[in-house]
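Peer 1: Sharing a sequence plus its predicted fold:
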Amino acid sequence: SPVILPGSSVEKVGDYFFSLQVPSFGGSSFLELDGLGAAAALHFELSMSIKPEKADGIVAYNAGHVLRGFDLEDPNYFLVYLLDQRVVFEFNLGFETIAVKSPTKVALWRWHKITITRTGRLGYLKVDDEPPVTGASRSGFTQLLLNRNLFLGGAPRSELPSGALTRLPSQDANFHGCIDQISLNGEALDVTGPSVQGVNVANCRDCAPGKCQHRSLPLLSSDAGILFPGCSSSTPAFAISGNGYLYMPTVDPTPWNETETSFIRLRVKTVRLDGLLLWAANSLSYDDESDPRDRDLIAVFAHQGRTHIRYIVDNGLVHVLEDQTTFLADGQWHCISITRKRDGLSLSVDGNPETTSTHVPESFWQRLNSLFIGGIPGDSPLESSSAQELFKAPAPESHGFFGCVQPIVSASGEILDVLGAAVDRRNLASCDGR
């Protein structure tokens with residue numbers, strides 16, 4: 001597991017080192033920084049962006065030493081955590097614990113901005129664009145003496161106040177996900193500097209060096225960028241965060257019913273190396289005992305930053321097309337074109353020379369009756385042996401896409417209304433973040 005070396009922002013994995021950019025936490029992880037100290041005694045505002053992957057977990061914790069002459073169960077502290085996907089801001093000025101909870105649940109695998117403020121006995125919590133929630137201590141001091149270290153993404157259980165332990169999940173209480181854009185009183189907090197120590201912290205998979213999806217909305221904007229021949233359309237682009245999809249059943253005319261004039265083009269923008277872009281099949285599910293010749297399906301996905309097509313036709317064999325000309329995971333728009341040929345199909349990315357296959361019979365296209373774009377439901381045939389045969393093993397590319405997709409589907413020379421034809425759309429957002 002990655003371990004941040006004391007006094008360094010460099011991670012060690014085995015014999016290799018790499019710089020920490022945006023920290024990701026896996027449940028056994030935490031970062032340890034200098035505490036907020038005297039500067040936060042009367043007032044502080046702490047804000048950050050989080051992308052949770054599980055419903056529960058400690059996001060931030062800072063405490064002070066028990067004051068001399070007091071025998072307290074919970075000393076001065078504040079604690080931010082998720083509980084059943086709700087953000088909780090908890091603090092104790094020495095005599096009672098105040099907990100302020102967000103009124104609605106946060107979505108998993110999506111970025112959210114959290115701001116907590118404490119002034120005297122008053123606490124304030126704001127999540128995204130929701131109205132703020134407040135709570136006040138009825139007694140105790142008005143100062144919060146946070147002279148111990150600040151923990152992010154989790155904390156050793158031995159550091160946590162005993163009262164808080166009863167309110168947190170009994171197991172795996174630390175945060176799962178990414179934390180970024182941390183600021184204290186309006187000033188950026190350096191979580192990768194030389195004073196940082198931590199355990200099992202990795203780089204966030206959504207983030208290229210210096211660029212994270214949530215912090216740079218233009219990365220997910222609907223700007224035209226570079227347009228390639230035939231890759232412009234009024235079809236809206238939509239953003240997906242790994243758990244969304246658009247589903248179309250058979251439409252008339254189908255995208256495959258005429259050679260040369262039938263194609264699917266996908267304008268995509270992502271910083272992730274892997275993700276499922278398109279899945280078309282003759283069934284929504286497969287019985288692992290069924291005849292392999294009945295398993296007609298085609299998948300288009302990004303793998304290690306390159307575009308791949310794999311398909312199974314009625315002979316049960318897996319056929320592969322790969323594009324090696326274009327690296328997709330650079331945060332720029334790219335155009336993936338899949339065109340039906342008379343006896344096969346072709347793949348081209350950004351107008352580069354085509355990669356073609358001639359192993360696709362006419363009957364294959366006629367049997368496809370389900371089309372997913374951007375992902376596929378969780379109880380999908382990705383778990384079947386036919387899918388494992390397609391991908392060779394359960395792999396990152398079997399997961400949903402992260403980024404922006406603009407589907408352009410042509411059948412017999414006609415551009416289809418993809419969003420209008422969809423009968424199911426899940427967890428899709430606007431590409432410009434609105």
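Peer 2: It's in.

Peer 1: which residues sit in contact with Thr356?
Peer 2: Contacts for Thr356 (CB atoms under 8 Å, 6 or more residues apart in numbering) come out as 321, 341, 344-347. Placement of C-beta: from N, CA and C, glycine included.

Peer 1: how close does Pro236 sit to Val80?
Peer 2: Applying CB to CB, to the nearest Å, the value for Pro236 to Val80 is 36 Å.

Peer 1: Which one's more surrounded, these two?
Peer 2: More crowded of Pro236 and Val80, by other CB atoms under 10 Å: Val80, with 23 against 13.

Peer 1: OK, contacts around the more buried one?
Peer 2: Residues in contact with Val80, defined by CB under 8 Å, 6+ apart, are 46, 58-61, 87-90, 114, 116.

Peer 1: ditto for Val360
Peer 2: Contacts of Val360 by CB under 8 Å, 6+ apart are 311, 313, 319, 340-341, 343-345.

Peer 1: and those as TSV, adding pLDDT, distance to Gly375 and secondary structure?
Peer 2: Shown next, in TSV, are the contacts of Val360 (pLDDT from 0 to 100; distance: CB to CB, whole Å; DSSP: H, G, I helix; E, B strand; the rest coil):
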residue	pLDDT	distance to Gly375	secondary structure
Tyr311	81	18	strand
Val313	74	24	coil
His319	78	23	strand
Arg340	75	23	strand
Lys341	73	27	strand
Asp343	71	30	coil
Gly344	77	26	strand
Leu345	82	22	strand
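
Peer 1: List buried residues within those.
Peer 2: 311, 313, 319, 340, 344-345 (16 or more other CB atoms under 10 Å).

Peer 1: contact partners of stretch 99-113?
Peer 2: 47-55, 82-90, 123-125, 127-128, 130, 133-135, 167, 181, 213-214, 241-243, 427.

Peer 1: what is the mean pLDDT for it?
Peer 2: Mean pLDDT, computed over stretch 99-113, is 90.

Peer 1: buried ones in it?
Peer 2: If you call a residue buried by 16+ other CB under 10 Å, then stretch 99-113 has these buried ones: 99-100, 102, 106-112.

Peer 1: so which of the residues you listed comes closest to Ser158?
Peer 2: Ala99 (22.0 Å; CB to CB).

Peer 1: That closest one is in what secondary structure piece?
Peer 2: For Ala99, the host element (DSSP states H and E) is strand 97-101.

Peer 1: Can you spell out the domain ranges of this protein, please?
Peer 2: By the assignment in automatic domain parsing, the chain contains the domains 3-203, 217-430.

Peer 1: follow-up on the earlier one: pick out the most distant pair among the buried ones among the contacts of Val360.
Peer 2: His319 and Arg340 (14.3 Å).

Peer 1: before we move on, the earlier item: turn the contacts of Val360 into a markdown table, including distance to Gly331.
Peer 2: Shown next, in a markdown table, are those (distance: CB to CB, whole Å):
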| residue | distance to Gly331 |
| --- | --- |
| Tyr311 | 29 |
| Val313 | 35 |
| His319 | 31 |
| Arg340 | 30 |
| Lys341 | 32 |
| Asp343 | 37 |
| Gly344 | 32 |
| Leu345 | 28 |
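
Peer 1: from the residues you listed, which single one is nearest Ser29?
Peer 2: Distance ranking of those against Ser29, using CB to CB, places Tyr311 first at 39.4 Å.

Peer 1: Look up the residues forming beta bridges with that closest one.
Peer 2: Beta-bridge pairing for Tyr311 (DSSP bridges): Ile298, His319.

Peer 1: Give me the below-cutoff pLDDT ranges for the stretch 1-150 of the chain.
Peer 2: For the stretch 1-150 of the chain, the stretches with pLDDT under 70 are 1-20, 65-75, 139-140.

Peer 1: what about Gly420, which SS state?
Peer 2: Classification of Gly420 by DSSP: H, G, I helix; E, B strand; the rest coil places it in helix.

Peer 1: Thr117 and Gln21, how far apart?
Peer 2: 28 Å.

Peer 1: for Val349, same thing?
Peer 2: Distance from Val349 to Gln21, by CB to CB: 27 Å.

Peer 1: So for the two, which sits in the more crowded spot?
Peer 2: Higher neighbour count among Val349 and Gln21: Val349, with 23 against 18, using other CB under 10 Å.

Peer 1: For that one, which non-adjacent residue is spatially closest?
Peer 2: Leaving aside its sequence neighbours, Val349 sits nearest to Thr326 (CB to CB, 6 or more residues apart in numbering; 4.2 Å).

Peer 1: and the direction of the following helix or strand past the strand holding Ala99 versus that of strand 97-101, what angle?
Peer 2: If you walk from strand 97-101 toward the C-terminus, the next helix or strand you reach (DSSP H and E) is strand 112-119. Here strand 112-119 runs at an angle of 150 degrees relative to strand 97-101 (axes from the mean of the first three to the mean of the last three CA atoms, to 10 degrees).
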